[in-house]
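> sequence first, then the predicted structure, then my questions.
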Amino acid sequence: MNHKREGYLTWDEYFMGVAMLSGMRSKDPNSQVGACIVSDDNKILSMGYNGFPKGCSDDEFPWAREGEPLDTKYLYVTHSELNAILNYRGGSLEGAKMYVTLFPCNECAKAIIQAGIKTLVYDCDKYASTPSVLASKRMLDSAGVRYYQYKRTGREISLTV
Ligand SMILES: O=c1ccn([C@H]2C[C@H](O)[C@@H](COP(=O)(O)O)O2)c(=O)[nH]1
Ligand SMILES: [Zn+2]
């Protein structure tokens with residue numbers, strides 16, 4: 001037998017799969033977001049998911065979506081994209097690609113642009129009509145960051161240990 005195996009993962013399936021797996025570490029009860037940063041020659045550089053900063057307990061800080069601002073998660077949670085950028089210890093991310101399971105908000109778009117990431121592949125865009133995502137797309141367009149939606153293949157990947 002001298003021909004290669006068929007049905008192997010595409011690069012997009014592989015890296016979005018890693019982003020999804022990373023999101024599964026999130027303690028957010030409503031939206032688990034994962035990100036995976038990849039070099040232009042398809043090496044994984046970093047990963048992240050949404051969660052509270054180091055030293056801020058998942059059991060003490062609030063996960064609520066509604067209520068007094070100080071009693072909701074929004075003022076405390078670090079977004080997956082920012083965590084993936086901050087988790088990178090190797091130097092520059094200039095020219096890298098980011099795979100993320102949720103379209104980045106405006107704050108993450110700023111970090112993505114300033115980090116030099118040039119391509120964004122996203123899965124869900126459930127907040128597309130919000131000012132945050134509209135501003136995000138405006139900045140990404142202006143900065144020349146290319147983005148496209150991941151094309152779901154329907155492949156099921158199971159993990160058994
Ligand atoms: O760019 C983004 C936007 C949001 N997140 C995180 C922040 C929160 O933990 C959830 C959003 O919670 P909702 O209950 O859906 O409002 O997603 C992120 O990581 N990156
Ligand atoms: Zn964000």
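That came in fine, so what should we check first? Computed from a predicted model, the values in this text were never measured in an experiment. Ligands and ions are numbered 1, 2, ... in the order given.
> and stretch 120-127, what's buried?
120-123 (16 or more other CB atoms under 10 Å). For the C-beta atoms, the positions are set from N, CA and C on the backbone; glycine is no exception.
> now, those that are in helices?
Among the buried residues of stretch 120-127, no residue falls in helices (DSSP state H).
> tabulate those (JSON lines), appending pLDDT and distance to ligand 1.
Output for the buried residues of stretch 120-127, formatted as JSON lines (pLDDT from 0 to 100; distance: CB to the nearest ligand atom, whole Å):
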{"residue": "120", "pLDDT": "98", "distance to ligand 1": "11"}
{"residue": "121", "pLDDT": "98", "distance to ligand 1": "14"}
{"residue": "122", "pLDDT": "98", "distance to ligand 1": "10"}
{"residue": "123", "pLDDT": "98", "distance to ligand 1": "12"}
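> farthest-separated two in those?
120 and 123 (11.1 Å; CB to CB).
> shared neighbours of those two, anything?
residue 100 (CB atoms under 8 Å, 6 or more residues apart in numbering).
> now residue 22: phi and psi?
When read as degrees, to the nearest 10, the backbone of residue 22 gives phi -60, psi -40.
> ok, so what distance separates it from ligand 1?
11 Å (CB to the nearest ligand atom, to the nearest Å).
> got it, and residue 11?
From residue 11 to ligand 1 the distance is 22 Å (CB to the nearest ligand atom).
> next one: residue 113
Distance from residue 113 to ligand 1, by CB to the nearest ligand atom: 13 Å.
> go through the buried residues of stretch 120-127 and flag which are in strands.
Counting by DSSP state E, the buried residues of stretch 120-127 place 120-123 in strands.
> may I see the residues you listed organised as JSON lines, with distance to residue 23 added?
Below are those laid out as JSON lines (distance: CB to CB, whole Å):
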{"residue": "120", "distance to residue 23": "16"}
{"residue": "121", "distance to residue 23": "14"}
{"residue": "122", "distance to residue 23": "12"}
{"residue": "123", "distance to residue 23": "10"}
